[in-house]
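A.B. asks: Predicted model and sequence below, questions to follow.
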Amino acid sequence: MGIKGLTKLLAEHAPGAAVRRRVEDYRGRVVAIDTSLSIYQFLIVVGRKGTEVLTNEAGEVTRSLKRDGSSEDLNRAIEVGDEDLIEKFSKRTVKVTKKHNEDCKRLLSLMGVPVVQAPGEAEAQCAALCENHKVFAIASEDMDSLTFGARRFLRHLTDLSFKRSPVTEFEVSKVLEELGLTMDQFIDLCILSGCDYCENIRGIGGQRALKLIRQHGYIEEVVQNLSQTRYSVPEDWPYQEVRALFKEPNVCTDIPDFLWTPPDEESVEKIKAANDKFSLGRGKLLAPVANLTGSTSTAGKEPKCILGGPGQVMKARSPLQLGISSVRGALGSWNAISRVLASTPFIRSLQAFIVLRMEAIVEGSKYECLLFDLDDTLYPFSSGINLACRKNIQDYMRRHLRIEESQIADMCLELYKEYGTTMAGLKALGYEFDNDEFHANVHGTLPYDNLHFDPVLRTLLLSIPQRKIIFTNSDKAHAEEVLCRVGIQDCFEGIICFETLNPPTPTCHGLHKPLSSISDELSSDLDDLDESDGFRPKSPILCKPSIEAMEAAIRIANVDPEKTIFFDDSVRNIASGKAAGFHTVIVGRPTLVPGADHALESIHNIKEALPEIWDGWSESDVVLASTASETTISENFEK
């Protein structure tokens with residue numbers, strides 16, 4: 001996850017620190033890759049259906065895949081013979097083992113790619129290599145690469161979800177210059193904003209952290225001058241230990257020059273076939289690796305691969321890349337090596353092939369975009385988020401708006417029915433309060449720990465070739481938190497949220513893009529809205545289920561509703577979406593409701609209910625797309 005909100009903070013306060021470049025600009029450069037979860041992602045998609053796993057000729061589970069059979073949910077599903085649940089929970093119990101790591105390091109070496117085993121954090125090791133000029137840059141999605149002092153840091157180098165955007169290159173020297181901070185102060189800023197190694201002070205995000213560091217210099221002075229009634233510093237807060245981790249990480253400094261060797265085709269072939277009895281699909285996936293060719297001298301030669309065509313797509317030589325694995329130190333949990341095959345010319349060719357394939361499929365597809373509601377749609381109602389949110393709204397009405405407690409419950413229900421959200425109803429009745437304050441009170445104490453990484457949903461979303469956009473009534477901070485907790489923050493093109501539909505000023509841009517971006521041109525759409533457009537709601541707050549909100553979303557996202565699928569858990573939102581022209585899917589219900597074209601008991605059932613989304617894709621296409629996708633997930637997936 002890296003540093004919370006740092007990308008947005010730099011975009012606002014240090015815009016010159018980031019430069020957009022093409023992948024081709026790094027041709028011939030040595031780039032250190034911070035590996036994370038590709039092994040885990042791969043294991044989810046290569047297993048056979050249900051309880052079946054990859055085995056050798058003796059019928060034993062091989063080193064290629066092991067599943068934790070202790071899962072109560074999985075055992076229960078097996079007992080009742082529910083194949084769908086068996087498949088679902090079987091995927092959730094996949095574990096990456098030490099043997100997987102060792103096998104992948106060996107495979108990389110046989111393919112001619114140098115591998116460095118980091119004694120501590122992989123990002124820190126990559127940063128040290130960059131600082132010592134062993135590599136030109138480091139490639140990662142974790143923004144704490146900058147906190148570790150990486151001179152040059154690349155995002156989206158090989159990420160399929162960013163195929164419409166160039167690589168973003170950061171230089172730490174420019175970051176410090178534009179923020180007006182020293183490196184030590186920047187480290188303290190990152191700790192205050194929120195990092196992976198300790199909790200932050202509740203109520204302090206990136207913007208406030210920057211203001212406090214500029215005002216007081218360091219965390220010690222910040223804490224000393226904080227309001228004790230408004231902020232609560234965590235007990236035994238280990239910020240000093242985390243600061244030391246960033247300043248003096250455990251890294252290898254005595255590393256010889258990297259040696260690039262041709263792939264050992266014979267040994268790679270032995271790995272493929274010596275001990276394991278692979279399924280047909282798996283054999284096809286490994287075939288291109290065995291056909292890689294290369295030489296210690298790269299002059300005048302290009303890497304080649306055979307996969308029914310992708311080798312013809314990538315004609316230019318790929319950037320030289322370095323795989324870095326990681327074993328976490330005392331302040332974190334063990335972190336598996338991954339992103340292994342992503343550092344090979346084969347995957348770069350494969351990715352280019354998939355990009356073209358996805359675009360071709362979408363052009364001839366029945367659908368062009370999928371709009372997803374967030375709460376109780378992309379995670380289950382049983383998480384308790386909804387109930388906690390209701391309680392917080394009622395508490396706010398009692399404490400801040402001084403509404404009689406005996407009236408609050410009925411009032412909330414009536415306002416929700418009439419205006420779509422209690423907040424919109426309160427504004428319509430003339431109650432005056434700050435929108436940000438309301439959202440902070442309602443969402444600030446939600447039980448987000450009840451939300452967990454969902455690898456099944458993530459893999460499913462990554463396999464969908466169409467545009468995917470979040471459309472929620474909640475504020476963007478809540479949306480970001482939820483998406484990050486579930487591990488799907490980079491699966492969407494953008495977020496249409498409360499701030500999108502209700503900009504505070506006439507010049508506020510339309511679509512908030514904290515995770516990825518919809519075209520910049522679309523962000524000006526809300527600037528042009530006026531009474532004559534018919535998009536101004538009668539209530540001061542624009543939100544679902546109003547038809548005006550649906551039409552505004554269509555305008556902002558620039559979609560054709562007849563080629564767009566709208567997923568929501570609300571019956572009223574579904575009816576409104578249907579009236580706006582969307583194809584509609586009610587989520588969380590086994591049967592259709594008025595206005596719904598499809599019904600899903602769970603968001604995981606999209607493929608069974610709407611197979612036409614993948615028209616033109618074969619099963620191998622889906623596996624390849626999910627496997628080749630370079631994405632970053634919070635390391636809390638192990639919890």
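C.D. replies: Looks like it came in fine.
A.B. asks: which stretches of this protein aren't confidently modelled?
C.D. replies: 1, 36-96, 158-165, 272-364, 505-538, 616-639 (pLDDT under 70).
A.B. asks: how does it divide into domains?
C.D. replies: 366-380+452-614, 385-446 (automatic domain parsing).
A.B. asks: could you dump the ones you listed to CSV with mean neighbour count and distance to residue 120?
C.D. replies: C-betas here are computed from N, CA, C, even on glycine. Formatted as CSV, those follow (neighbours: other C-beta atoms under 10 Å; distance: least, C-beta to C-beta, whole Å):
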stretch, mean neighbour count, distance to residue 120
domain 366-380+452-614, 20, 23
domain 385-446, 16, 33
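A.B. asks: any chance of these in CSV, plus distance to residue 243?
C.D. replies: Listed next are the domains of the chain as CSV, based on distance: least, C-beta to C-beta, whole Å:
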stretch, distance to residue 243
domain 366-380+452-614, 24
domain 385-446, 26
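A.B. asks: so which of those gets nearest residue 257?
C.D. replies: domain 366-380+452-614 (34.2 Å; C-beta to C-beta).
A.B. asks: From the contact counts, what lies against the strand or helix carrying residue 606?
C.D. replies: In this assignment (DSSP states H and E), residue 606 forms part of helix 606-609. In terms of contacts (3 or more C-beta pairs under 8 Å, 6 or more residues apart in numbering; DSSP states H and E), helix 606-609 is packed against strand 598-600.
A.B. asks: What helices and strands are in contact with the strand it packs on?
C.D. replies: Under the contact rule (3+ C-beta pairs under 8 Å, 6+ apart), strand 598-600 is packed against strand 583-587, helix 606-609.
A.B. asks: Save these as CSV, and put in distance to residue 453 too.
C.D. replies: Listed next are the helices and strands packed on strand 598-600 as CSV, based on distance: least, C-beta to C-beta, whole Å:
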stretch, distance to residue 453
strand 583-587, 19
helix 606-609, 19
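A.B. asks: closest one to residue 448 among the ones you listed?
C.D. replies: strand 583-587 (20.4 Å).
A.B. asks: who touches the closest one?
C.D. replies: 367, 373, 376-377, 562, 564-569, 571, 574, 577-578, 592-593, 595-600, 602-603, 606, 609-610 (C-beta atoms under 8 Å, 6 or more residues apart in numbering).
A.B. asks: cool, stretch 374-388 as well?
C.D. replies: 372, 389, 445-448, 450-451, 454, 457, 470, 472, 474, 479, 482-483, 486, 488, 567-569, 587-588, 602-603.
A.B. asks: which of the residues in stretch 252-261 are buried?
C.D. replies: For stretch 252-261, burial by neighbour count (16 or more other C-beta atoms under 10 Å) applies to residue 258.
A.B. asks: Next, the distance between the ends of it.
C.D. replies: 22 Å (C-alpha to C-alpha, to the nearest Å).
A.B. asks: what does stretch 448-462 give?
C.D. replies: Start-to-end, stretch 448-462 (C-alpha to C-alpha) is 23 Å.
A.B. asks: Residue 236 - how many residues pack around it?
C.D. replies: For residue 236, the tally of surrounding residues (other C-beta atoms under 10 Å) stands at 6.
A.B. asks: Tell me how far it lies from residue 178.
C.D. replies: Separation of residue 236 from residue 178 (C-beta to C-beta, to the nearest Å): 34 Å.
A.B. asks: same check, this time on residue 479
C.D. replies: 27 Å.
A.B. asks: I am finished for the moment; much appreciated.
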